[in-house]
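# 3D model of this:
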Amino acid sequence: MYNHPLSAVLSGISLAVLPLAIAAQPASDADALDPIVVTATPGPKTVGESLSSVTEIDQQEIQKKQPKEFSELLRSEPGISVQTSGGIGQQTSVFIRGHESDGTVLLINGIRIRSATAGIPAWEFLPPQLINRVEVVRGGRSSLYGSDAMGGVAQVFTTPQEEGTQGWAESGAGNLDTQQYGVGLSTVDEKSSLNVGVTRFRTDGSPVIEGGEDKSYENTAGTFNASREFDNGILVNLTYLGAEGDVEYEGGSKDFVFQTAGIGAVVPINDYWRASLQFSDARDEQTFFSQFEPFDLDTTTRTSRLENWFVAGVHEFVIGAETMTDRVSGSSALSENSRRNDAFFGQALLNYGPTELHLSLRSDDNEAFGTHETWGAAFGYRFGDGYRLRLNAGTSFKAPTFNDLYSSFGGANPNLDPEEAVSYEVGLEKNTGNWFWGVTVYRSDVEDLIVSFFPEPSQNTDEAELQGVEVEGGWKDNGWSIVAAVSAGDFEDKQTGKSLTNRSEQTAKLDIDKDFDRFYVGTTVRAENHKLDRDGVSRIPGYGAWDLRTGTTIGKNLDARLTVNNVLDKERTLAAFNNTTDYVSPGRTFMASLRYNFQL
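Okay, here's the model as predicted:
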């Protein structure tokens, strides 16, 4: 595992290589229930070793569900609530354990991307057709990832998953005049890997408000990953994901560019010490068109990261430094257009037989708000018969956005402090053979919430108390897979005594799939309770949804798939558009596709 030290935290250097080692290992039912993940800890661990609440969505699940947008993979997962402003391609927010949407970090092959003005990633532009795997870590992770990781971290992988040389070509169509096309090729051996893929997705869309007109969406995307390990042990890696297109929204349209790129190297100093260096660039660019003059909102984030890894028997240690610079440009009037963050961090993973201890400490020095320290500590103990107890505690923070600090349109306050949180988590789980279950209880106390008083300056005023429980369970055997999750939370604004807005406090999800020899069928049932609208008074009704999927292999290499989402054709209210009109979801949607897989 030490050949790939960047595979944990912001590790674009070796994330393209780590899955190759995993794929080379024989798979078993137990492996399927306890996959290797790299986001929760500084180094590859199984889910059962990470001491964190982790959800892993693998390539097989992604291909079976045929998501038209990335958020479909996250809806009703434990502790997660998704809010959209209409149908496909519309603005999307992801809330984890009740934290604000700008309190979730998005990584693509280890590279962080977001809008520095709005503070949230453009989840809606991430092409699911190019994604091979997803990991979601729930709970504060600022001691590993710095600012914004208050609710958790979602990491997307486009790197190849299997050894050998193989390719694919896919074509699909659905209602709403939806079409998608794609082609890709990957080759992997012991020393090197190469992966390239391109896709195009378009749809006429559906009305995003009651009584509105259809709103279209187009996305053309590509990915490239390459790595090479030389005879002296030095590993070099390149990674890229880019998407561009346009989307119509109520009142206008916008063009977008969504892009990450990274280059790095891992150098073995000796048997106990390895060093790695990474440089990355992430871009979120949007141009808006409406009845007014077009305007741009562009963010470029450039990061340099150095890590030193040390091994002492079964214990692991990492010491490193990171520099990240955000630059904002475009038509938006801001009194400042860049800021730099320098960080130093240390992490330790200690193993004492059935007992594990994970410690982390990080210091961030930001030119906008000064120095901020965060820490994390996790304890795990394995009992007999597959039982394990987890205890987690730590601090996290969220920096004010450029809009919070510098906007000249009103609401800006350059004296704002970061939001801060202290989080605790207790989990008990069992993973034996073909089945697993887990119960997690969590609490997070948030101070200095940034509240907008537009057009008056924003202020650090509120406090919030976020607490809840997550219950998960699953069973896989003889082609059957049954996985269920239920979450219940209480996310309260301590100043008003009301629930926080735009996020559901109760969610439930059930996945049932059956694989036959050359055929599979599956279904998903999910539900969320009501939520408060942004006015803090109106209620957005809860909902239930039923999805179906099926597929078969034709001949040797051709797969045919069909998915039907919202089988009962229920339109639901998403949020208030104005005082008289609401955002609404599409009704029933379906997608049929053919995928040709080949090996060379």
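# any stretches of the protein with poor pLDDT?
The chain contains residues with pLDDT under 70 at 1-37, 40-49, 331-333, 408-410, 453-455.
# which residue packs closest to the residue most central in space within it, ignoring adjacent ones?
For the chain, the residue nearest the mean C-alpha position is residue 154 (2.4 Å; Cα atoms, centre = their mean). Distances taken as Cβ to Cβ, 6 or more residues apart in numbering place residue 136 nearest to residue 154, at 4.9 Å, with adjacent residues excluded. From N, CA and C alone the C-beta is placed, and that goes for glycine too.
# identify the bridge partners of the one you found.
residue 55, residue 154 (DSSP bridges).
# you'd agree it is up against residue 151?
No: using Cβ atoms under 8 Å, residue 136 is not in contact with residue 151; the gap is 10.3 Å.
# what do these two both touch?
Common contacts of residue 136 and residue 151 (Cβ atoms under 8 Å, 6 or more residues apart in numbering): residue 96.
# the more surrounded of those two?
Neighbours were counted for residue 136 and for residue 151 using other Cβ atoms under 10 Å; residue 151 has more, 31 against 26.
# what is the neighbour count of the closest residue to residue 371 other than its chain neighbours?
Nearest residue to residue 371 in three dimensions, chain neighbours excluded: residue 365, at 4.9 Å (Cβ to Cβ, 6+ apart). For residue 365, the count of nearby residues is 15 (other Cβ under 10 Å).
# now do residue 365 against residue 141, distance only.
19 Å (Cβ to Cβ, to the nearest Å).
# circling back to that earlier point, please name the bridge partners of the residue nearest to residue 371.
Legend: beta-bridge partners of residue 365 under DSSP bridges are residue 342, residue 371.
# now swap in residue 183 and tell me
Residue 183 has these beta-bridge partners by DSSP bridges: residue 169, residue 198.
# now do the contacts for it.
By Cβ under 8 Å, 6+ apart, the contact set of residue 183 is 167, 168, 169, 170, 197, 198.
# can you tell me which of these has the most neighbours?
Counting neighbours by other Cβ under 10 Å, the top entry in the contacts of residue 183 is residue 197, with 24 neighbours.
# do I have it right that that one meets residue 184?
Yes: the criterion here is Cβ under 8 Å, and residue 197 meets it with residue 184 at 3.2 Å.
# need the overlap of contacts for the two.
Common neighbours of residue 197 and residue 184, counting by Cβ under 8 Å, 6+ apart, are residue 130.
# residue 79 - how many residues pack around it?
Applying other Cβ under 10 Å, we find 27 residues neighbouring residue 79.
# let me redo that: residue 383
Residues within reach of residue 383, counting by other Cβ under 10 Å, total 11.
# picking that back up, could the contacts of residue 183 be laid out in a markdown table, adding distance to residue 66?
Below are these laid out as a markdown table (distance: Cβ to Cβ, whole Å):
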| residue | distance to residue 66 |
| --- | --- |
| 167 | 19 |
| 168 | 14 |
| 169 | 16 |
| 170 | 10 |
| 197 | 16 |
| 198 | 18 |
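# so where's the longest strand in the protein?
What stands out as the longest strand in the chain, according to DSSP state E, is strand 456-477.
# could you say what helices and strands that one packs with?
helix 29-33, strand 435-453, strand 480-493 (3 or more Cβ pairs under 8 Å, 6 or more residues apart in numbering; DSSP states H and E).
# buried residues of it, list them for me.
For strand 456-477, a neighbour-count test (16 or more other Cβ atoms under 10 Å) marks 458, 460, 462, 464, 466-470, 472-476 as buried.
# quick one: the strands in the stretch 301-450 of the chain?
In the stretch 301-450 of the chain, the strands defined using DSSP state E, counting those that start in this stretch lie at 315-330, 338-352, 355-366, 370-382, 387-398, 419-432, 435-453.
# and residue 112, which of those is closest to it?
For the strands of the stretch 301-450 of the chain, the distance to residue 112 is smallest for strand 315-330, at 7.8 Å, taking Cβ to Cβ.
# tell me the buried residues in that closest one?
Buried residues in strand 315-330, counted by 16+ other Cβ under 10 Å: 316, 317, 318, 320, 322, 324, 326, 327, 328, 330.
# can you put these in a markdown table and add distance to residue 59?
Below are those laid out as a markdown table (distance: Cβ to Cβ, whole Å):
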| residue | distance to residue 59 |
| --- | --- |
| 316 | 28 |
| 317 | 32 |
| 318 | 28 |
| 320 | 30 |
| 322 | 30 |
| 324 | 30 |
| 326 | 32 |
| 327 | 35 |
| 328 | 35 |
| 330 | 36 |
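# ok, those residues vs residue 255, which is closest?
Residue 255 has its nearest neighbour among the buried residues of strand 315-330 in residue 330, at 12.3 Å by Cβ to Cβ.
# can you tell me the element the closest residue to the closest one other than its chain neighbours falls in?
Once flanking residues are discounted, residue 330 sits nearest to residue 296: 3.2 Å by Cβ to Cβ, 6+ apart. Element membership for residue 296, per DSSP states H and E: strand 295-312.
# off-centre distance for that strand?
Centre-to-centre, strand 295-312 and its host chain are 17 Å apart (Cα atoms, centre = their mean, to the nearest Å).
# got phi/psi on the residue lying closest to residue 397 once chain neighbours are set aside?
Using Cβ to Cβ, 6+ apart and skipping residues adjacent in sequence, the residue nearest residue 397 is residue 418, 4.4 Å away. Dihedral pair for residue 418: phi -60, psi 150, per degrees, to the nearest 10.
# contacts only, for residue 460.
Listed by Cβ under 8 Å, 6+ apart, the contact partners of residue 460 are 416, 417, 419, 448, 449, 450, 451.
# now the residues you listed: which count as buried?
Of the contacts of residue 460, these count as buried by 16+ other Cβ under 10 Å: 416, 417, 419, 448, 449, 450.
# who's the closest residue to the fourth one other than its chain neighbours bridged to?
Among residues not flanking residue 448 along the chain, residue 460 sits closest, at 4.0 Å (Cβ to Cβ, 6+ apart). Each beta-bridge partner of residue 460 is listed here, defined by DSSP bridges: residue 450.
# could you check how far residue 460 is from residue 443?
Following Cβ to Cβ, the distance that separates residue 460 from residue 443 is 21 Å.
# please apply the same query to residue 118.
28 Å.
# those two - which one has more neighbours?
Neighbour count, other Cβ under 10 Å: between residue 118 and residue 443, residue 118 has more, with 19 against 15.
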